[in-house]
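Undergrad: Next comes the sequence, and after it the predicted model I'd like to discuss.
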Amino acid sequence: MAHSHPHTAGGANNHAHGHSHGDARSMNRRRLLIVLFLALGYAGIELIGGLLTGSLALLADSLHMVSDVAALALSLLAVWMAARPASGRRTFGNSRAEILAALANGIALAVVAIFISIHAVERFLDPTEVKGEGVMIVATGGLIINLIGLYILEGGKSDSLNIRGAWLHVMSDTLASFGVILSGAGIWYFGWIWLDPAVSMVVSVLVLLSAWHLVSEALDVLMETAPSHLDPQEIRDALLAVAGVSSVHCLHVWTIGSSEVSLSSHLVTEPAHEPERLLQEVRSELAERFSIEHTTIQIEPVVGGEEAACADACEPNGLPA
(Lines give C-alpha, C1' and ligand atoms only; values in the text may rest on other atoms or scores of the structure.)
Protein backbone atom coordinates (compact mmCIF):
# COMPACT_ATOMS: atom_id res chain seq x y z
CA MET A 1 0.00 0.00 0.00
CA ALA A 2 1.48 3.33 -1.06
CA HIS A 3 2.31 5.85 1.62
CA SER A 4 1.83 9.50 0.62
CA HIS A 5 2.98 12.80 2.08
CA PRO A 6 1.17 15.80 0.65
CA HIS A 7 3.24 18.90 1.25
CA THR A 8 3.09 22.56 0.35
CA ALA A 9 5.71 25.29 0.39
CA GLY A 10 6.90 26.38 3.83
CA GLY A 11 4.97 28.79 6.04
CA ALA A 12 7.77 31.36 6.18
CA ASN A 13 7.97 31.54 2.40
CA ASN A 14 4.21 31.85 2.05
CA HIS A 15 4.18 34.59 4.71
CA ALA A 16 6.86 36.53 2.86
CA HIS A 17 5.02 36.09 -0.43
CA GLY A 18 1.83 37.33 1.20
CA HIS A 19 3.61 40.53 2.21
CA SER A 20 5.20 41.02 -1.23
CA HIS A 21 1.88 40.47 -3.04
CA GLY A 22 0.17 42.83 -0.60
CA ASP A 23 2.79 45.56 -1.12
CA ALA A 24 2.62 45.15 -4.91
CA ARG A 25 -1.17 45.41 -4.91
CA SER A 26 -1.07 48.51 -2.71
CA MET A 27 1.40 50.17 -5.09
CA ASN A 28 -0.64 49.12 -8.13
CA ARG A 29 -3.75 50.60 -6.53
CA ARG A 30 -2.02 53.98 -6.17
CA ARG A 31 -0.76 53.80 -9.76
CA LEU A 32 -4.23 53.09 -11.09
CA LEU A 33 -5.81 55.90 -9.06
CA ILE A 34 -3.38 58.52 -10.34
CA VAL A 35 -3.74 57.45 -13.98
CA LEU A 36 -7.54 57.23 -13.65
CA PHE A 37 -7.81 60.86 -12.49
CA LEU A 38 -5.45 62.02 -15.25
CA ALA A 39 -7.48 60.21 -17.93
CA LEU A 40 -10.82 61.36 -16.50
CA GLY A 41 -9.65 64.97 -16.42
CA TYR A 42 -8.56 65.01 -20.07
CA ALA A 43 -11.28 62.83 -21.59
CA GLY A 44 -13.79 65.68 -21.31
CA ILE A 45 -11.35 68.12 -22.91
CA GLU A 46 -10.79 65.79 -25.89
CA LEU A 47 -14.53 65.20 -26.29
CA ILE A 48 -15.24 68.94 -26.43
CA GLY A 49 -12.25 69.44 -28.73
CA GLY A 50 -13.48 66.74 -31.09
CA LEU A 51 -16.93 68.34 -31.32
CA LEU A 52 -15.50 71.82 -31.93
CA THR A 53 -12.98 70.72 -34.58
CA GLY A 54 -15.21 68.15 -36.29
CA SER A 55 -12.47 65.49 -36.06
CA LEU A 56 -13.58 61.85 -35.96
CA ALA A 57 -10.06 60.83 -34.98
CA LEU A 58 -10.14 63.17 -31.99
CA LEU A 59 -13.63 62.01 -31.00
CA ALA A 60 -12.45 58.41 -31.29
CA ASP A 61 -9.45 59.25 -29.12
CA SER A 62 -11.71 60.85 -26.50
CA LEU A 63 -13.96 57.78 -26.56
CA HIS A 64 -10.89 55.62 -26.18
CA MET A 65 -9.83 57.69 -23.18
CA VAL A 66 -13.30 57.26 -21.68
CA SER A 67 -12.85 53.50 -22.10
CA ASP A 68 -9.49 53.92 -20.33
CA VAL A 69 -11.30 55.50 -17.37
CA ALA A 70 -13.79 52.62 -17.23
CA ALA A 71 -11.00 50.06 -17.58
CA LEU A 72 -8.93 51.70 -14.83
CA ALA A 73 -11.94 51.81 -12.52
CA LEU A 74 -12.56 48.12 -13.21
CA SER A 75 -8.90 47.35 -12.58
CA LEU A 76 -9.03 49.22 -9.26
CA LEU A 77 -12.05 47.17 -8.21
CA ALA A 78 -10.22 43.98 -9.17
CA VAL A 79 -7.10 44.95 -7.18
CA TRP A 80 -9.29 45.64 -4.14
CA MET A 81 -11.08 42.29 -4.49
CA ALA A 82 -7.82 40.37 -5.05
CA ALA A 83 -6.38 41.83 -1.83
CA ARG A 84 -9.25 40.47 0.26
CA PRO A 85 -8.33 37.33 2.24
CA ALA A 86 -9.60 33.88 1.32
CA SER A 87 -12.79 32.94 3.11
CA GLY A 88 -15.62 30.43 2.95
CA ARG A 89 -15.68 28.49 -0.30
CA ARG A 90 -13.17 30.75 -2.10
CA THR A 91 -10.14 28.96 -0.71
CA PHE A 92 -7.85 30.47 -3.37
CA GLY A 93 -8.91 33.99 -2.44
CA ASN A 94 -9.93 36.55 -5.08
CA SER A 95 -6.79 36.69 -7.25
CA ARG A 96 -8.74 35.70 -10.36
CA ALA A 97 -10.71 38.98 -10.08
CA GLU A 98 -7.71 40.69 -11.68
CA ILE A 99 -7.77 38.20 -14.55
CA LEU A 100 -11.48 38.72 -15.10
CA ALA A 101 -10.87 42.49 -15.18
CA ALA A 102 -8.11 41.99 -17.75
CA LEU A 103 -10.48 39.88 -19.88
CA ALA A 104 -13.19 42.56 -19.64
CA ASN A 105 -10.65 45.24 -20.58
CA GLY A 106 -9.61 43.27 -23.65
CA ILE A 107 -13.20 42.88 -24.79
CA ALA A 108 -13.81 46.59 -24.19
CA LEU A 109 -10.78 47.43 -26.34
CA ALA A 110 -12.14 45.30 -29.17
CA VAL A 111 -15.57 46.99 -28.97
CA VAL A 112 -13.95 50.44 -29.11
CA ALA A 113 -11.88 49.41 -32.14
CA ILE A 114 -14.93 48.16 -34.02
CA PHE A 115 -16.83 51.36 -33.18
CA ILE A 116 -13.96 53.50 -34.50
CA SER A 117 -13.72 51.43 -37.71
CA ILE A 118 -17.42 51.75 -38.51
CA HIS A 119 -17.37 55.53 -38.16
CA ALA A 120 -14.12 55.79 -40.12
CA VAL A 121 -15.74 54.01 -43.08
CA GLU A 122 -18.70 56.38 -42.85
CA ARG A 123 -16.33 59.36 -42.84
CA PHE A 124 -14.51 58.01 -45.92
CA LEU A 125 -17.84 57.88 -47.76
CA ASP A 126 -18.95 61.28 -46.52
CA PRO A 127 -15.91 63.53 -45.83
CA THR A 128 -16.39 66.35 -43.33
CA GLU A 129 -14.38 69.53 -42.83
CA VAL A 130 -11.90 69.26 -39.96
CA LYS A 131 -10.00 72.06 -38.16
CA GLY A 132 -6.49 70.65 -38.26
CA GLU A 133 -4.80 73.21 -35.98
CA GLY A 134 -7.27 72.63 -33.14
CA VAL A 135 -6.92 68.87 -33.55
CA MET A 136 -3.14 69.12 -33.15
CA ILE A 137 -3.34 71.23 -30.00
CA VAL A 138 -5.89 69.03 -28.22
CA ALA A 139 -4.25 65.75 -29.29
CA THR A 140 -0.83 66.96 -28.10
CA GLY A 141 -2.28 67.50 -24.62
CA GLY A 142 -3.74 63.98 -24.75
CA LEU A 143 -0.37 62.56 -25.80
CA ILE A 144 1.35 64.19 -22.82
CA ILE A 145 -1.27 62.84 -20.39
CA ASN A 146 -0.95 59.33 -21.85
CA LEU A 147 2.86 59.37 -21.67
CA ILE A 148 2.64 60.28 -17.99
CA GLY A 149 0.15 57.44 -17.48
CA LEU A 150 2.45 54.94 -19.20
CA TYR A 151 5.36 56.00 -17.01
CA ILE A 152 3.30 55.52 -13.85
CA LEU A 153 1.96 52.08 -14.85
CA GLU A 154 5.27 50.78 -16.21
CA GLY A 155 6.45 49.55 -12.82
CA GLY A 156 3.48 47.24 -12.29
CA LYS A 157 2.83 45.73 -15.71
CA SER A 158 5.45 42.99 -15.45
CA ASP A 159 3.91 41.29 -12.39
CA SER A 160 0.18 41.90 -12.91
CA LEU A 161 -1.91 40.99 -15.95
CA ASN A 162 -4.51 43.43 -14.67
CA ILE A 163 -2.02 46.34 -14.67
CA ARG A 164 -0.74 45.16 -18.06
CA GLY A 165 -4.30 45.45 -19.35
CA ALA A 166 -4.56 49.02 -18.08
CA TRP A 167 -1.11 49.77 -19.53
CA LEU A 168 -2.20 48.44 -22.93
CA HIS A 169 -5.27 50.66 -22.83
CA VAL A 170 -3.10 53.71 -22.21
CA MET A 171 -0.49 52.60 -24.77
CA SER A 172 -3.07 52.19 -27.52
CA ASP A 173 -4.47 55.59 -26.57
CA THR A 174 -0.96 57.06 -26.76
CA LEU A 175 -0.58 55.69 -30.29
CA ALA A 176 -3.99 57.07 -31.12
CA SER A 177 -3.03 60.53 -29.84
CA PHE A 178 0.17 60.46 -31.90
CA GLY A 179 -1.82 59.45 -34.99
CA VAL A 180 -4.35 62.22 -34.39
CA ILE A 181 -1.52 64.77 -34.17
CA LEU A 182 -0.22 63.59 -37.54
CA SER A 183 -3.68 63.76 -39.09
CA GLY A 184 -4.20 67.26 -37.68
CA ALA A 185 -0.88 68.38 -39.16
CA GLY A 186 -1.72 66.88 -42.56
CA ILE A 187 -5.15 68.50 -42.61
CA TRP A 188 -3.82 71.89 -41.43
CA TYR A 189 -0.87 72.11 -43.82
CA PHE A 190 -2.08 70.17 -46.88
CA GLY A 191 -5.86 69.96 -46.54
CA TRP A 192 -5.78 66.14 -46.52
CA ILE A 193 -9.20 65.52 -44.95
CA TRP A 194 -8.94 61.80 -45.72
CA LEU A 195 -6.20 61.54 -43.08
CA ASP A 196 -8.78 61.83 -40.31
CA PRO A 197 -10.64 58.54 -41.04
CA ALA A 198 -7.42 56.89 -42.26
CA VAL A 199 -5.70 57.49 -38.94
CA SER A 200 -8.83 56.27 -37.17
CA MET A 201 -8.64 52.96 -39.05
CA VAL A 202 -4.95 52.49 -38.23
CA VAL A 203 -5.65 53.19 -34.56
CA SER A 204 -8.49 50.65 -34.55
CA VAL A 205 -6.16 47.93 -35.89
CA LEU A 206 -3.60 48.66 -33.17
CA VAL A 207 -6.32 48.55 -30.55
CA LEU A 208 -7.59 45.19 -31.86
CA LEU A 209 -4.09 43.68 -31.67
CA SER A 210 -3.74 44.84 -28.07
CA ALA A 211 -7.16 43.40 -27.26
CA TRP A 212 -6.30 40.03 -28.82
CA HIS A 213 -3.09 39.63 -26.80
CA LEU A 214 -4.78 40.63 -23.55
CA VAL A 215 -7.80 38.36 -24.02
CA SER A 216 -5.64 35.38 -25.00
CA GLU A 217 -3.41 35.83 -21.92
CA ALA A 218 -6.43 36.12 -19.62
CA LEU A 219 -8.03 33.01 -21.14
CA ASP A 220 -4.79 31.06 -20.66
CA VAL A 221 -4.94 31.82 -16.93
CA LEU A 222 -8.64 30.99 -16.66
CA MET A 223 -8.09 27.72 -18.54
CA GLU A 224 -5.18 26.95 -16.19
CA THR A 225 -2.71 26.71 -19.04
CA ALA A 226 0.93 26.41 -18.03
CA PRO A 227 2.59 29.86 -17.97
CA SER A 228 4.24 30.70 -21.29
CA HIS A 229 7.69 31.06 -19.68
CA LEU A 230 7.59 27.52 -18.25
CA ASP A 231 7.82 24.21 -20.14
CA PRO A 232 5.99 21.35 -18.32
CA GLN A 233 8.20 18.76 -20.03
CA GLU A 234 11.34 20.54 -18.83
CA ILE A 235 9.93 20.58 -15.30
CA ARG A 236 9.10 16.87 -15.55
CA ASP A 237 12.66 16.10 -16.69
CA ALA A 238 14.07 18.15 -13.81
CA LEU A 239 11.96 16.21 -11.29
CA LEU A 240 13.04 12.88 -12.78
CA ALA A 241 16.66 14.00 -12.51
CA VAL A 242 16.37 14.27 -8.71
CA ALA A 243 18.06 11.25 -7.11
CA GLY A 244 15.45 8.80 -5.84
CA VAL A 245 12.58 9.82 -8.16
CA SER A 246 11.69 6.92 -10.46
CA SER A 247 8.63 8.38 -12.18
CA VAL A 248 6.41 11.48 -12.26
CA HIS A 249 2.68 11.72 -12.88
CA CYS A 250 -0.21 14.10 -12.18
CA LEU A 251 2.07 17.04 -13.00
CA HIS A 252 0.10 20.28 -13.23
CA VAL A 253 1.46 23.83 -13.54
CA TRP A 254 -0.84 26.82 -13.56
CA THR A 255 -1.28 30.39 -12.35
CA ILE A 256 -3.90 31.46 -9.83
CA GLY A 257 -3.53 35.16 -10.48
CA SER A 258 -1.23 37.24 -12.67
CA SER A 259 2.08 35.84 -11.44
CA GLU A 260 1.27 33.33 -8.69
CA VAL A 261 2.58 30.11 -10.23
CA SER A 262 1.49 26.86 -8.57
CA LEU A 263 2.53 23.27 -9.14
CA SER A 264 1.20 19.91 -8.01
CA SER A 265 2.57 16.45 -8.78
CA HIS A 266 2.89 12.84 -7.63
CA LEU A 267 6.42 11.44 -7.41
CA VAL A 268 7.05 7.70 -7.32
CA THR A 269 10.24 7.15 -5.31
CA GLU A 270 12.63 4.35 -4.43
CA PRO A 271 12.10 2.93 -0.90
CA ALA A 272 15.67 3.65 0.21
CA HIS A 273 15.20 7.43 0.03
CA GLU A 274 13.73 9.37 2.94
CA PRO A 275 10.55 11.15 1.78
CA GLU A 276 11.16 14.37 3.73
CA ARG A 277 14.73 14.74 2.50
CA LEU A 278 13.77 14.01 -1.10
CA LEU A 279 10.86 16.43 -0.82
CA GLN A 280 13.21 19.19 0.29
CA GLU A 281 15.49 18.53 -2.70
CA VAL A 282 12.54 18.68 -5.09
CA ARG A 283 11.24 21.93 -3.62
CA SER A 284 14.71 23.50 -3.81
CA GLU A 285 15.07 22.48 -7.46
CA LEU A 286 11.67 23.95 -8.37
CA ALA A 287 12.35 27.20 -6.52
CA GLU A 288 15.91 27.76 -7.79
CA ARG A 289 15.49 26.64 -11.38
CA PHE A 290 11.90 27.62 -12.16
CA SER A 291 11.03 30.13 -9.39
CA ILE A 292 8.06 27.97 -8.35
CA GLU A 293 7.55 28.09 -4.60
CA HIS A 294 3.87 27.31 -4.18
CA THR A 295 3.91 23.51 -4.54
CA THR A 296 1.91 20.46 -3.53
CA ILE A 297 3.98 17.29 -3.87
CA GLN A 298 2.75 13.77 -3.07
CA ILE A 299 5.42 11.14 -2.46
CA GLU A 300 4.50 7.57 -3.44
CA PRO A 301 7.23 5.09 -2.40
CA VAL A 302 7.44 1.80 -4.29
CA VAL A 303 6.28 -0.94 -1.90
CA GLY A 304 7.00 -4.61 -2.63
CA GLY A 305 8.22 -3.82 -6.13
CA GLU A 306 4.92 -2.13 -7.07
CA GLU A 307 4.05 1.54 -7.35
CA ALA A 308 0.71 3.20 -6.66
CA ALA A 309 -1.65 2.69 -9.59
CA CYS A 310 -3.20 6.15 -9.70
CA ALA A 311 -1.41 7.66 -12.70
CA ASP A 312 -4.23 6.93 -15.13
CA ALA A 313 -6.80 8.34 -12.72
CA CYS A 314 -5.28 11.79 -12.57
CA GLU A 315 -3.91 12.28 -16.09
CA PRO A 316 -6.58 13.63 -18.49
CA ASN A 317 -7.23 11.01 -21.20
CA GLY A 318 -4.17 9.13 -19.99
CA LEU A 319 -1.89 11.84 -21.41
CA PRO A 320 0.96 13.58 -19.56
CA ALA A 321 -0.10 16.72 -17.69
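TA: Cool, the structure landed.

Undergrad: where does residue 50 land in three-state SS?
TA: Look at residue 50: counting by DSSP: H, G, I helix; E, B strand; the rest coil, its state is helix.

Undergrad: How about the contacts made by it?
TA: 56, 58, 59, 60, 61, 62, 138 (Cβ atoms under 8 Å, 6 or more residues apart in numbering). All C-beta atoms are positioned from the backbone trio N, CA, C, and that covers glycine.

Undergrad: from those residues, which ones fall inside helices?
TA: 56, 58, 59, 60, 61, 62, 138 (DSSP state H).

Undergrad: So for the first one, what's the nearest residue that isn't a sequence neighbour?
TA: Which is residue 56. Nearest-residue entry for residue 56: residue 123, 4.9 Å, with adjacent residues in sequence omitted and distances by Cβ to Cβ, 6 or more residues apart in numbering.

Undergrad: residue ranges of the strands in the protein, please?
TA: 7-8, 245-255, 261-269, 294-301 (DSSP state E).

Undergrad: other SSEs contacting the longest one?
TA: Applying 3 or more Cβ pairs under 8 Å, 6 or more residues apart in numbering; DSSP states H and E, one finds that strand 245-255 contacts helix 232-240, strand 261-269, helix 311-314.

Undergrad: need the contact list for residue 72.
TA: Residue 72 neighbours (Cβ under 8 Å, 6+ apart): 32, 35, 36, 39, 166, 169.

Undergrad: Over to residue 196?
TA: 55, 56, 57, 123, 128, 130, 135, 183, 187.

Undergrad: What subset of the residues you listed is buried?
TA: Buried residues within the contacts of residue 196, defined by neighbour count using 16 or more other Cβ atoms under 10 Å: 55, 56, 57, 123, 130, 135, 183, 187.

Undergrad: Just give me the closest of the residues you listed to residue 27.
TA: Closest to residue 27 out of the buried ones among the contacts of residue 196 is residue 57 (34.5 Å), distances taken as Cβ to Cβ.

Undergrad: how's this protein carved up into domains?
TA: Listed domain ranges for the chain are 19-222, 227-318 (source: automatic domain parsing).

Undergrad: all helices of the stretch 151-300 of the chain, in order?
TA: 161-190, 195-222, 232-240, 275-290 (DSSP state H, counting those that start in this stretch).

Undergrad: buried residues in the second one?
TA: By neighbour count on 16+ other Cβ under 10 Å, the buried set for helix 195-222 is 195-204, 206-208, 210-211, 214-215, 217-218, 220-221.

Undergrad: re earlier: okay if I get the strands of the chain as JSON lines plus mean pLDDT?
TA: Below are the strands of the chain laid out as JSON lines (pLDDT from 0 to 100):
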{"stretch": "strand 7-8", "mean pLDDT": "41"}
{"stretch": "strand 245-255", "mean pLDDT": "89"}
{"stretch": "strand 261-269", "mean pLDDT": "89"}
{"stretch": "strand 294-301", "mean pLDDT": "86"}
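
Undergrad: got these as a markdown table, with mean neighbour count columns?
TA: What follows is the strands of the chain, written out as a markdown table (neighbours: other Cβ atoms under 10 Å):
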| stretch | mean neighbour count |
| --- | --- |
| strand 7-8 | 16 |
| strand 245-255 | 19 |
| strand 261-269 | 21 |
| strand 294-301 | 20 |
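
Undergrad: and the nearest residue to residue 74 once chain neighbours are set aside, what does it touch?
TA: In this structure, residue 74 finds its nearest non-sequential neighbour in residue 101, 5.0 Å apart by Cβ to Cβ, 6+ apart. Contact analysis of residue 101 by Cβ under 8 Å, 6+ apart lists 74, 75, 77, 78, 162, 165.

Undergrad: Surely the last one and residue 214 touch.
TA: Yes: taking Cβ atoms under 8 Å as the definition, residue 165 is a contact partner of residue 214 at 5.2 Å.

Undergrad: hey, what's in contact with both of the two?
TA: Shared contacts of residue 165 and residue 214 (Cβ under 8 Å, 6+ apart): 102, 105, 106.
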